[in-house]
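**Q** Give me a model of this one.
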Amino acid sequence: MTATAATPCTAFDGSTLLLSGPLAEVALAARAAVERNTGGPVLVFDDTTGRVVDLDLRGGEAEII
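**A** So this is what the prediction gives:
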């Protein structure tokens with residue numbers, strides 16, 4: 001199954017919860033965390049499957065979504 005912009009996901013920065021919601025919103029929160037460079041791994045999980053979602057966070061907001 002491929003994740004879509006509406007897929008429910010959750011992002012973490014290390015052990016800190018960033019955001020739960022649609023992938024489009026979670027991806028932007030993950031990008032902001034990567035840009036802050038807090039040192040923890042930023043991981044996004046598909047809430048339905050529990051699998052890690054691989055995101056390309058390069059480019060502008062429209063390209064990420």
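**Q** All the strands of this protein, in order from the start?
**A** Under the criterion DSSP state E, the chain contains strands at 8-13, 16-22, 42-46.
**Q** nearest to Asp56, of the ones you listed?
**A** Of all those, it is strand 42-46 that lies closest to Asp56, at 11.8 Å by CB to CB. Just so you know, the C-beta spots here come from the backbone N, C-alpha and C atoms, and that holds for glycine as well.
**Q** Can you mark which positions in the closest one are buried?
**A** The neighbour-count check on strand 42-46 (16 or more other CB atoms under 10 Å) flags Val42, Val44, Phe45, Asp46 as buried.
**Q** check contacts around the spatially most central residue of the chain.
**A** In the chain, the C-alpha nearest the mean C-alpha coordinate belongs to Ala27, at 3.6 Å (CA atoms, centre = their mean). Counting by CB atoms under 8 Å, 6 or more residues apart in numbering, Ala27 touches Cys9, Ala11, Val44, Leu55, Leu57, Ile64, Ile65.
**Q** Just the buried ones from those residues?
**A** Cys9, Ala11, Val44, Leu55, Leu57, Ile64.
**Q** how about the strands of the chain, which one is nearest Arg31?
**A** strand 42-46 (8.6 Å).
**Q** Out of the buried residues of strand 42-46, flag the one nearest to Gly21.
**A** Set against Gly21, the nearest of those by CB to CB is Val44 (11.1 Å).
**Q** and that closest one, what are its bridge partners?
**A** Ala11 (DSSP bridges).
**Q** surely it meets Val26?
**A** Yes - between Val44 and Val26 there is a contact under CB atoms under 8 Å: 5.8 Å.
**Q** hey, what's in contact with both of those two?
**A** By CB under 8 Å, 6+ apart, the residues touching both Val44 and Val26 are Cys9, Thr10, Ala11.
**Q** re the thing from before, could I get the buried residues of strand 42-46 in CSV, plus columns for pLDDT and distance to Gly21?
**A** Formatted as CSV, the buried residues of strand 42-46 follow (pLDDT from 0 to 100; distance: CB to CB, whole Å):
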residue, pLDDT, distance to Gly21
Val42, 97, 16
Val44, 98, 11
Phe45, 98, 12
Asp46, 97, 12
